[in-house]
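Participant: would you be able to build a 3D model of this:
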Amino acid sequence: MLIRFLSFLLLAWLAGFVIFAVTLPRHPKPGITDGVVVLTGGAGRLERGFTLLRQKQARRMLVSGVDRRVRPHELAVEYRVPDALVNCCVDLGQEAVDTRSNADETAEWARARGYRSLRLVTTDWHMPRSHFELRRAAPGLTIIVDPVRSEPGLFALTREYSKYLLRRVVALAGY
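Facilitator: Numbering: from 1, shown residues only. Okay, the predicted model is just below:
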């Protein structure tokens, strides 16, 4: 009986993993939002955020999870954007240390500005968990996902799916 139960769990995990992997968001949805939030940690994320600002797809951008030593001018130099754009329109969120605290930091930032809509920029494989956390932290906020395409390996996808699944289970338990 235990073998059957464990086999069922394994098959359910595998089926969920396949669905997770093939349904990753690949394309950004159109639309202008009040703000854009970029979660640090992956290639192409900040470039995408700055592109959205330049295209006036949002008024301001929060970069969540920035190292405390990073200064706005350094960001402008690193990503070749005008200091004026960074100074007027970019906030550095330096409190977040993980995806859940990224969501909390973002929700606070959006509430403080009275924003009703955000564009969420992160890597495609990270989007399901990031979107889930932000919806939990800011339930009334309209969130448009803007995934940065990547080519994750099997290990990275397996790890992220497991984190996502665990987070969903923990949330069901009320945490």
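
Participant: CA only for contacts and neighbour counts going forward, please
Facilitator: Will do.

Participant: lowest-scoring secondary structure element of the chain by mean pLDDT?
Facilitator: helix 72-78 (a mean of 91; mean pLDDT, DSSP states H and E).

Participant: can you list the residues that contact that one?
Facilitator: For helix 72-78, contacts defined as CA atoms under 8 Å, 6 or more residues apart in numbering pick out 82-83, 86-87, 92.

Participant: Arg26 belongs to a helix, doesn't it?
Facilitator: No: counting by DSSP: H, G, I helix; E, B strand; the rest coil, Arg26 is not part of a helix but coil.

Participant: among the contacts of helix 72-78, which ones are buried?
Facilitator: Among those, those buried by neighbour count (16 or more other CA atoms under 10 Å) are 86, 92.

Participant: looking at the contacts of helix 72-78, which is nearest Gly16?
Facilitator: Leu92 (35.2 Å; CA to CA).

Participant: surely the closest one is within a helix?
Facilitator: No: if the criterion is three-state DSSP, then Leu92 is strand and not within a helix.

Participant: so the closest residue to it other than its chain neighbours versus Leu2, what's the distance?
Facilitator: Leaving aside its chain neighbours, Leu92 sits nearest to Val63 (5.1 Å; criterion: CA to CA, 6 or more residues apart in numbering). Using CA to CA, to the nearest Å, Val63 is found at 47 Å from Leu2.

Participant: mind giving me the packing neighbours of the lengthiest helix in the chain?
Facilitator: Taking DSSP state H as the criterion, the chain has its longest helix at helix 2-22. Counting contacts by 3 or more CA pairs under 8 Å, 6 or more residues apart in numbering; DSSP states H and E, helix 2-22 packs against helix 154-172.

Participant: low pLDDT regions in the protein?
Facilitator: Of all residues in the chain, none has pLDDT under 70.
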